[in-house]
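**Q** fold the following and give me the result.
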Amino acid sequence: MPPNSPTPPATASQLYRLQTFDSTLAKHSARLKAIADTLGHNSAVDVAQAALADASAKVSQWQSKIRAFDLEIKGIAEKSATAEKRLYSGIITNPKEMADLQKEIDSHNRHRVKLDDDLAEAQLEAEQAETIRQKAHETLHKIEVTLAESQSSLISERNMLEVERANYTRRRMEAAAEVPPADLTRYEDLRAKKRGIAVALLQNGSCSVCGVEQTSTIAQQVRAGQHLVPCASCGRILAAS
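**A** Purely as a prediction, here's the structure:
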């Protein structure tokens, strides 16, 4: 091109090619973000972990109660044994004192029966809680195994997409370099206003995006490709299909 000659305007096909790169890059970025969100957080794991933590806490609570009942039963047994030893030792001869000791032994025995019942109930609850805990642990393990498998696949997909994105970014830069700055600015402005679609194809005389049929003059201008022609309805740049 001779020095100081005017820069030829961009063709609609150039901008349409640029748009294909931009659309692909947008899809890659959206997918990469989704993969990053999935790899960084998983609600199913959170729910399973919470269920396991709750079940484990209940097991611990019942185990603590069992230990407390055991200690109390041992204490009652020692008190009862001490009272019986005194009662049957022959040392105490006072009838009232003997009667009081017998009442104490009877009270210990009644308390022991209640504690035995409480202990049996606590042991049953602990077994049931442990069953629930085991199931929660198995559920979490299955989810983690499945997640590990899916994450391996997602990591491979992420790596592939990153390579493709780098390639498309390079090609997009090369394509943008061929477009005059003023036309590139017009294209970028339209992309921002038109949800990423600045260029539409002219198909059967109509805009491929908004569907409005164009006049014969507009259709001829688009096919000639001598300058950028906007859609009469949506204002997107029209490119011949």
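**Q** count the neighbours of residue 218 for me.
**A** When counting by other CB atoms under 10 Å, one arrives at 18 neighbours for residue 218. For the C-beta atoms, the positions are set from N, CA and C on the backbone; glycine is no exception.
**Q** separation between the most far-flung residue of the chain relative to its centre and residue 240?
**A** Most distant from the centre of the chain: residue 93, at 77.8 Å, with distances by CA atoms, centre = their mean. As for residue 93, its distance to residue 240 is 124 Å (criterion: CB to CB, to the nearest Å).
**Q** same question, residue 53
**A** Counting by CB to CB - residue 53 and residue 240 are separated by 63 Å.
**Q** out of the two, which sits in the busier spot?
**A** With neighbours defined as other CB under 10 Å, residue 53 and residue 240 compare such that residue 240 has more, 16 against 13.
**Q** partners of that one in the sheet?
**A** residue 202 (DSSP bridges).
**Q** that one touches residue 202, doesn't it?
**A** Yes: here residue 240 reaches residue 202: they are 5.7 Å apart, a contact under CB atoms under 8 Å.
**Q** show me where this protein has helices.
**A** Ranges of helices within the chain are 12-40, 43-88, 95-177, 181-193, 216-224, based on DSSP state H.
**Q** could the ones you listed go into JSON lines alongside mean pLDDT and distance to residue 209?
**A** As requested, the helices of the chain are exported to JSON lines (pLDDT from 0 to 100; distance: least, CB to CB, whole Å):
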{"stretch": "helix 12-40", "mean pLDDT": "92", "distance to residue 209": "11"}
{"stretch": "helix 43-88", "mean pLDDT": "90", "distance to residue 209": "37"}
{"stretch": "helix 95-177", "mean pLDDT": "91", "distance to residue 209": "21"}
{"stretch": "helix 181-193", "mean pLDDT": "94", "distance to residue 209": "11"}
{"stretch": "helix 216-224", "mean pLDDT": "95", "distance to residue 209": "14"}
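**Q** if we compare these, which one ends up closest to residue 232?
**A** helix 216-224 (6.1 Å; CB to CB).
**Q** so which other helices or strands are in contact with the closest one?
**A** Applying 3 or more CB pairs under 8 Å, 6 or more residues apart in numbering; DSSP states H and E, one finds that helix 216-224 contacts strand 199-203, strand 229-230, strand 237-240.
**Q** winner for burial among those strands?
**A** Ranked by mean neighbour count under mean count of other CB atoms under 10 Å, the helices and strands packed on helix 216-224 are led by strand 237-240, which reaches a mean of 22.
**Q** follow-up on the earlier one: who wins for proximity to residue 75 among the helices and strands packed on helix 216-224?
**A** strand 199-203 (87.3 Å).
**Q** so residue 186 makes contact with residue 228?
**A** Yes: counting by CB under 8 Å, residue 186 does reach residue 228; the two are 7.4 Å apart.
**Q** which residues are common contacts for these two?
**A** residue 237 (CB atoms under 8 Å, 6 or more residues apart in numbering).
**Q** what's the pLDDT at residue 7?
**A** The per-residue pLDDT reported for residue 7 equals 58.
**Q** make residue 1 into 209 and carry on from there
**A** Yep, numbering from 209; the last one is residue 215 now.
**Q** distance of the nearest residue to residue 429 once chain neighbours are set aside from residue 362?
**A** Counting by CB to CB, 6 or more residues apart in numbering, residue 429 lies nearest to residue 437, which is 4.7 Å off, once chain neighbours are set aside. According to CB to CB, residue 437 and residue 362 sit 44 Å apart.
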